[in-house]
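Colleague: Coordinates for the following, if possible.
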Amino acid sequence: MPVTTQKLIQWKQAGRSIVALTAWDYAIARILDEAGVDLILVGDSLAMVALGHATTLPVTIDEMLHHTAAVRRGTKEAFVVADLPFLSYQESPAQAIHSAGRFLKEAGAQAVKLEGGYPAMVETVSQLVLAGIPVMGHVGLTPQSVNRLGYKQQGRTRDDAQRILQEAIALDDAGAFAIVLEHIPTDLAARITAKLSIPTIGIGAGPHCNGQVLVTADVLGLSAQKPPFAKSYANLHGIITQAVRDFSGEVRQHQFPE
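Modeller: Below is the predicted model of the structure:
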């Protein structure tokens with residue numbers, strides 16, 4: 001049966017871990033879906049892994065819509081969430097509703113994810129939910145704030161940890177159906193997970209979250225450089241490189257086609 005927001009919340013209550021990965025095209029999405037991944041995130045990380053940018057900031061809403069539509073076509077069971085790209089939702093709740101609505105109407109996304117839990121963003125989440133748009137929150141290390149925060153772990157001081165905890169609670173209260181906790185201390189992630197009524201999805205936040213997400217390029221060994229909390233389960237870079245070399249050799253030696 002297809003995954004829903006209600007099912008994700010039920011899984012938290014039942015203690016069933018949630019598996020999430022990113023996708024950026026039809027082929028990857030179809031593989032993840034067939035492998036039984038619960039949630040597929042069309043992350044703005046595709047700016048880096050698929051489009052070659054140094055950060056997530058340059059990717060546009062039209063590019064994200066294009067990739068989200070491809071991912072949705074490859075998905076039957078997993079729940080598809082699309083990242084709202086930088087400056088497509090920060091100006092006002094009205095802008096966020098318009099941008100998020102495009103992902104649901106034009107690309108078939110089932111929910112959107114946005115970064116931050118400060119008061120204005122909490123109000124935006126509340127307005128999106130009232131408009132019938134499911135929202136996944138994201139606190140801790142927020143990559144769209146790279147120019148202010150960098151990529152270092154967040155929540156290491158008592159004040160920062162308390163701020164992140166309060167942001168997560170506020171997003172829960174605003175109606176978010178789940179929240180990503182990125183690159184924060186394990187004990188902080190455990191505290192947040194215990195406080196919230198909605199699932200926490202960790203990335204570099206330790207084992208006590210209700211689920212885990214990684215960038216699929218990192219999992220498959222395709223990334224030029226992966227973060228310290230990621231793990232590669234294959235070396236597709238090496239496999240693909242060898243396959244291309246084998247093909248090239250056969251063509252040059254007139255062995256292919258036979």
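Colleague: The residue lying closest to residue 61 once chain neighbours are set aside: neighbouring residues, count only.
Modeller: The spatially closest residue to residue 61, leaving aside those adjacent along the chain, is residue 88, at 4.7 Å (CB to CB, 6 or more residues apart in numbering). From N, CA and C alone the C-beta is placed, and that goes for glycine too. Burial measure for residue 88: 22 neighbouring residues, criterion other CB atoms under 10 Å.
Colleague: Tell me which stretches of the protein form helices.
Modeller: 5-14, 26-34, 46-49, 61-73, 93-106, 119-130, 146-149, 158-174, 186-195, 216-219, 236-252 (DSSP state H).
Colleague: Give me the contacts around stretch 8-27.
Modeller: Contacts with stretch 8-27, where a contact means CB atoms under 8 Å, 6 or more residues apart in numbering, come from 29, 32, 36-43, 45-46, 49-50, 67, 70-71, 73-75, 79, 177-178, 197-199, 201, 210-217, 219.
Colleague: So for stretch 70-81, first residue to last residue, what's the gap.
Modeller: Between the opening and closing residues of stretch 70-81 we find a distance of 13 Å, counting by CA to CA, to the nearest Å.
Colleague: Show me the shaky parts of the stretch 1-150 of the chain.
Modeller: Across the stretch 1-150 of the chain, no stretch falls below the confidence threshold (pLDDT under 70).
Colleague: For PyMOL, write the select line for the buried members of the contacts of stretch 8-27.
Modeller: Below is the selection syntax for PyMOL that covers the buried ones among the contacts of stretch 8-27, with 16 or more other CB atoms under 10 Å defining burial:
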select buried, resi 29+32+37+38+39+40+41+42+43+45+46+49+50+67+70+71+74+75+79+177+178+198+199+201+210+211+212+213+214+215+216+217+219
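Colleague: Wait, residue 154 touches residue 138, no?
Modeller: No. With contacts defined as CB atoms under 8 Å, residue 154 does not count as touching residue 138, sitting 11.5 Å away.
Colleague: Give me the common contacts of these two.
Modeller: Common contacts of residue 154 and residue 138, defined by CB under 8 Å, 6+ apart, comprise residue 182.
Colleague: List the single closest residue to residue 113 in space, sequence neighbours excluded.
Modeller: Leaving aside its chain neighbours, residue 113 sits nearest to residue 136 (4.1 Å; criterion: CB to CB, 6+ apart).
Colleague: Now for the one you found: which residues touch it?
Modeller: Remark: with contacts taken as CB under 8 Å, 6+ apart, residue 136 is in contact with 81, 111-114, 176-180, 201.
Colleague: If we go by neighbour counts, what in stretch 131-145 is buried?
Modeller: Residues of stretch 131-145 classed as buried by neighbour count (16+ other CB under 10 Å): 133-144.
Colleague: taking the residues you listed one by one, which sit in strands?
Modeller: With strands defined by DSSP state E, the entries of these inside them are 135-140.
Colleague: In a markdown table, list those residues along with distance to residue 10.
Modeller: Putting those into a markdown table (distance: CB to CB, whole Å) gives the following:
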| residue | distance to residue 10 |
| --- | --- |
| 135 | 18 |
| 136 | 16 |
| 137 | 19 |
| 138 | 22 |
| 139 | 23 |
| 140 | 25 |
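Colleague: Tell me which two in the residues you listed are the farthest apart.
Modeller: Farthest-apart pair in those is 135 and 140; separation 16.7 Å (CB to CB).
Colleague: which residues touch the residue nearest to residue 61?
Modeller: Residue 88 makes contact with 61, 95-96, 99 under the criterion CB under 8 Å, 6+ apart.
Colleague: how much space between the closest residue to residue 29 other than its chain neighbours and residue 27?
Modeller: Spatial nearest neighbour of residue 29, excluding adjacent residues (CB to CB, 6+ apart): residue 74 at 3.4 Å. Here the distance between residue 74 and residue 27 works out to 7 Å (CB to CB, to the nearest Å).
Colleague: And residue 202, by the same measure?
Modeller: According to CB to CB, residue 202 and residue 27 sit 27 Å apart.
Colleague: ok, the two, which is more surrounded?
Modeller: Between residue 202 and residue 27, residue 202 has the larger neighbour count (other CB under 10 Å), namely 29 against 12.
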